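A.B. asks: prediction below, plus the sequence it came from.
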Amino acid sequence: MKKITVLFCLMASLSASTIGQEHAFKAGEKITYVVFYNVIGLYVNAGTATFTTTKSTFNNQEVFHVVGEGITNKSYDWIFKVRDRYESYFKTDDLKPLKFIRNVNEGGYKKHEVVTFNHDENVVITNNGVQKVPDEIQDVISFLYYARNLDFDQYKKGDKISFNMFLGEKVYSMYVRYMGKQTVTTRYGKFKALALRPLLLNGNTFSGGEDMTMWVTDDQNHLPVRIESPISVGKIKVDLMEFTDIKYPLSSLIKRQ
């Protein structure tokens with residue numbers, strides 16, 4: 001069974017360039033996703049991921065604190081047990097990250113990573129020291145919430161939008177291709193949506209290229225509601241299943257399942 005942590009990278013594949021005046025989310029929001037895995041023509045429920053947003057303080061600054069947790073279902077733990085927790089503290093005005101924590105437990109492999117961002121000096125402090133980074137750098141969680149504030153009306157179908165993300169001691173310069181407005185039917189319901197195809201890095205899970213498609217709600221929330229992608233063995237599908245305390249009405253919902 002592939003790592004459920006793929007979800008965090010998938011959702012962070014949204015892009016960032018222009019942030020709106022009003023945030024698309026608020027403290028108190030909680031989003032739950034189910035990860036489905038397909039290797040023999042049938043999708044099975046492999047695990048869940050949740051993203052919870054609260055207000056906090058960091059270095060005497062008011063911040064959003066987002067916690068993302070991913071777990072495999074107990075029935076699949078004997079194949080590949082995952083208990084992962086990602087945290088990001090980012091500023092409430094420009095949404096720049098100040099601290100990122102990653103605790104992963106995947107099939108017996110454990111890793112603890114702490115990254116502190118210094119945007120004035122364009123450096124990050126990691127477990128292994130200080131590293132120079134470009135302007136406007138984001139972590140994998142803060143980036144998702146930054147990207148939800150984009151004004152997609154400024155792009156036309158086929159446009160590429162570039163971004164930089166720091167993860168695993170590396171800076172990734174990537175892009176996402178905007179594919180326009182579409183209608184998508186998920187396990188939650190039928191939505192008016194915006195379709196995105198991120199550039200993927202070649203690795204153990206993905207073969208690279210633009211094989212993944214993500215759909216976000218075509219309303220002020222820009223909630224990711226469906227992700228589909230082939231992986232090295234099989235396919236995955238990630239669907240929105242539950243949410244509480246979103247900031248705006250879910251006006252993109254056409255029909256509830």
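C.D. replies: Alright, I've got the coordinates.

A.B. asks: how about the helices in the protein?
C.D. replies: For the chain, the helices defined by DSSP state H cover 6-11, 77-80, 140-147.

A.B. asks: tell me how far the longest one lies from the chain's centre.
C.D. replies: Translated: helix 140-147. Its chain's C-alpha centre and that of helix 140-147 lie 7 Å apart, by C-alpha atoms, centre = their mean, to the nearest Å.

A.B. asks: residues touching the closest residue to residue 193 other than its chain neighbours, list them.
C.D. replies: Closest residue to residue 193 apart from its sequence neighbours, by C-beta to C-beta, 6 or more residues apart in numbering: residue 215 at 4.0 Å. (Each C-beta comes from the backbone N, C-alpha and C, glycine too.) Counting by C-beta atoms under 8 Å, 6 or more residues apart in numbering, residue 215 makes contact with 182, 184, 186, 191, 193-196, 224-227.

A.B. asks: drop anything exposed from those.
C.D. replies: 184, 186, 191, 193-196, 224-227 (16 or more other C-beta atoms under 10 Å).

A.B. asks: find the pair from those with maximum spatial separation.
C.D. replies: 186 and 196 (15.1 Å; C-beta to C-beta).

A.B. asks: quick one, strands of the stretch 1-150 of the chain?
C.D. replies: Under the criterion DSSP state E, counting those that start in this stretch, the stretch 1-150 of the chain contains strands at 30-38, 43-58, 61-72, 83-91, 97-106, 109-118, 123-126, 129-132.

A.B. asks: what's the span of stretch 75-92 from first residue to last?
C.D. replies: Stretch 75-92 has an end-to-end distance of 39 Å (criterion: C-alpha to C-alpha, to the nearest Å).

A.B. asks: okay, now the unreliable bits of the stretch 51-200 of the chain?
C.D. replies: 200 (pLDDT under 70).

A.B. asks: quick one on the thing from earlier: among the buried ones among the contacts of residue 215, which are in strands?
C.D. replies: The strands, defined by DSSP state E, take in 184, 191, 193-196, 224-227 from the buried ones among the contacts of residue 215.

A.B. asks: and which of those is nearest to residue 61?
C.D. replies: residue 224 (27.3 Å).

A.B. asks: my read: the closest one touches residue 213, true?
C.D. replies: No. Counting by C-beta atoms under 8 Å, residue 213 is not a contact partner of residue 224; they are 11.2 Å apart.

A.B. asks: turn the strands of the stretch 1-150 of the chain into CSV, columns for distance to residue 248.
C.D. replies: Formatted as CSV, the strands of the stretch 1-150 of the chain follow (distance: least, C-beta to C-beta, whole Å):
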stretch, distance to residue 248
strand 30-38, 14
strand 43-58, 14
strand 61-72, 17
strand 83-91, 20
strand 97-106, 24
strand 109-118, 29
strand 123-126, 33
strand 129-132, 37
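
A.B. asks: any idea how far apart the tips of stretch 215-228 sit?
C.D. replies: Taking C-alpha to C-alpha, the first and last residues of stretch 215-228 lie 9 Å apart.

A.B. asks: and stretch 25-33, by the same measure?
C.D. replies: Note: stretch 25-33 ends 17 Å apart using C-alpha to C-alpha.

A.B. asks: swap in stretch 135-155?
C.D. replies: End residues of stretch 135-155 are separated by 22 Å (C-alpha to C-alpha).
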